[in-house]
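**Q** output the structure for:
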Amino acid sequence: MPYSRRRMVIYLSCAAGLPLLARAPFEDRAQTLRALVVDHRRARHLGQRYVAQVPVERDAVVLARLIDAALMDDHAATVDDRAALADALDARIRAEFGAGQIVRVDGWVLARTEARLCALCV
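**A** Residues are numbered from 1 along each chain as shown. Here you go, the predicted structure:
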């Protein structure tokens, strides 16, 4: 079947919306991860300082993807069960401290995933 200009324009217009579709699940994931933070006021303060140091991680979707990727590195399922997710994050944060994957933020020493969780509260 030959491709006409009309068909190509339709395909291209549909393809333009694909990034939006890929973004939606991670916006929900960011909300789920944000709900695990207990002290949002303090997390927001540390998160603001962290994104000032690492401005490419200012976006909640980027942060959610990075946190999920870190969990996948540990072969932890990116589950939606709150308790299981909290356990997986706790294990990841401990592993990062053990591996020296830390950041210094406003006098605090945080695991990178911990800093990213704080940044989600900004």
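**Q** show me where the protein has its strands.
**A** If DSSP state E is used as the criterion, the strands of the chain fall at 102-105, 108-111.
**Q** a markdown table for the ones you listed, including mean neighbour count?
**A** No exception for glycine: its C-beta is placed from N, CA and C like everyone else's. Supplementary listing: these in a markdown table, determined by neighbours: other C-beta atoms under 10 Å:
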| stretch | mean neighbour count |
| --- | --- |
| strand 102-105 | 17 |
| strand 108-111 | 17 |
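**Q** right, and these - which one's nearest residue 95?
**A** Of all those, it is strand 108-111 that lies closest to residue 95, at 8.2 Å by C-beta to C-beta.
**Q** list the strands paired with the closest one, with their directions.
**A** Looking at strand 108-111 with DSSP bridges, its partner strands are strand 102-105 (antiparallel).
**Q** can I get the strand it pairs with as PDB, trimmed to CA atoms?
**A** Taking only C-alpha atoms (Å, rounded to 0.1, in the frame of the first residue of the first chain), the coordinates of strand 102-105 have been written out as PDB:
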ATOM      1  CA  ILE A 102      25.100   9.800  48.400                       C
ATOM      2  CA  VAL A 103      24.500  13.500  48.000                       C
ATOM      3  CA  ARG A 104      25.100  16.300  50.400                       C
ATOM      4  CA  VAL A 105      22.100  18.600  50.600                       C
END
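**Q** from the chain's centre, how far out does it sit?
**A** How far strand 102-105 lies from its chain's middle: 17 Å, per C-alpha atoms, centre = their mean, to the nearest Å.
**Q** kindly report the same for stretch 56-64.
**A** Taking mean C-alpha positions (C-alpha atoms, centre = their mean), stretch 56-64 and its chain are 6 Å apart.
**Q** rounded mean pLDDT for it, please.
**A** Confidence for stretch 56-64, expressed as mean pLDDT, is 95.
**Q** any buried residues in it, and which?
**A** Neighbour-count burial for stretch 56-64, with 16 or more other C-beta atoms under 10 Å as criterion, is recorded at 57, 60, 63, 64.
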